[in-house]
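**Student:** next come a sequence and a model predicted from it.
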Amino acid sequence: MFNNYLKYLEFISEKLDKFFSKQKDYIFCKKGCGLCCKNAQFPYSKIEMQYLLSGCKYLSTETLDTIEKNIAKIAKDKENFKGEKFLYDCPFLIDNVCSIYNYRGIICRSFGLMSIIKGADKKTQVPFCYANGLNYSNVIDPETKQVSGEKYRQTGIKEEPLAFNVSYEYLTGKDFEESFNFTFGKKKPMIEWFLEAQKEALAQETVNNEVQ
């Protein structure tokens, strides 16, 4: 099944690369920015998380130590959090650079493009980084948060700013599971996977102590 996920990932990555290339005049992503890796929830399915963690064996001990410290800090912050929606920086972000880039999840690969909102009338989801002068900032009206025809004409760019069907829900949906014969599994914020693993490890340790 894991090999089938890799085939899916190759297919999706190729599609996304084409979309980004088609929209290159509106994409201003740059290494060292890291905005998309901060203050979010980072939804990950079970198989995405397994793939992400499989890349950790290629990281240095120093990098792994930093990631573990980041996870511990996030876990503590979450424990003390009293609000409704807990947001945090990705623990794999080190010095504003993804430490495990080639193994990143779907939400990380698709962010930066404009996404079609299902059921909405001519509405699109624009990447929030436009407000920081990044993706699509040269054509987005800050009041409507939609593409401005006037701003687009002023750019003189031939290729139109387009939205694609790249929502996380769609890209990790049943159609792709059936096409590539695998399952994404349970989906939840990245930090929840680590907290669950910690609970399981603690429970196993308790069982082992009782047996002894």
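**Tutor:** Alright, I've got the coordinates.
**Student:** contacts, neighbours, all on C-alpha from now
**Tutor:** OK.
**Student:** and S148, how far from V139?
**Tutor:** Counting by C-alpha to C-alpha, to the nearest Å, the separation of S148 from V139 is 6 Å.
**Student:** and if you look at N181?
**Tutor:** With C-alpha to C-alpha as the criterion, N181 and V139 are 40 Å apart.
**Student:** tell me the helices in this structure, going along the chain?
**Tutor:** 2-22, 46-54, 61-79, 106-110, 149-155, 168-171, 174-180, 190-211 (DSSP state H).
**Student:** which stretches of this structure have low pLDDT?
**Tutor:** Counting by pLDDT under 70, the chain shows low-confidence ranges at 1, 119-122, 200-212.
**Student:** looking at N181 and V139, which is more packed in?
**Tutor:** Remark: of N181 and V139, V139 carries more neighbours, 22 against 15, as counted by other C-alpha atoms under 10 Å.
**Student:** can you pull the contacts of F164?
**Tutor:** Each residue near F164 by C-alpha atoms under 8 Å, 6 or more residues apart in numbering is listed here: F19, L113, M114, S115, I116.
**Student:** reformat these as JSON lines; add neighbour count.
**Tutor:** JSON lines is the format used below for the contacts of F164 (neighbours: other C-alpha atoms under 10 Å):
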{"residue": "F19", "neighbour count": "18"}
{"residue": "L113", "neighbour count": "25"}
{"residue": "M114", "neighbour count": "25"}
{"residue": "S115", "neighbour count": "20"}
{"residue": "I116", "neighbour count": "19"}
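**Student:** with distance to G173 added, can I get these in CSV?
**Tutor:** Compiled in CSV, the contacts of F164 are given as follows (distance: C-alpha to C-alpha, whole Å):
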residue, distance to G173
F19, 19
L113, 19
M114, 19
S115, 15
I116, 15
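**Student:** okay, among these, which ones form the most distant pair?
**Tutor:** Every pair in the contacts of F164 was compared (C-alpha to C-alpha); the two farthest apart turn out to be F19 and I116, at 13.2 Å.
**Student:** nearest to C29, of the helices of the chain?
**Tutor:** Distance to C29, taken as C-alpha to C-alpha, is lowest for helix 2-22 among the helices of the chain, at 10.3 Å.
**Student:** so which residues make contact with that closest one?
**Tutor:** I27, I47, R109, S110, L113, E159, F164, F176, F180, N181, F182.
**Student:** quick one: buried ones out of those?
**Tutor:** I27, I47, R109, S110, L113, F176, F180, F182 (16 or more other C-alpha atoms under 10 Å).
**Student:** which of those residues sits closest to N132?
**Tutor:** Closest to N132, out of all of these and judged by C-alpha to C-alpha, is I27, at 12.4 Å.
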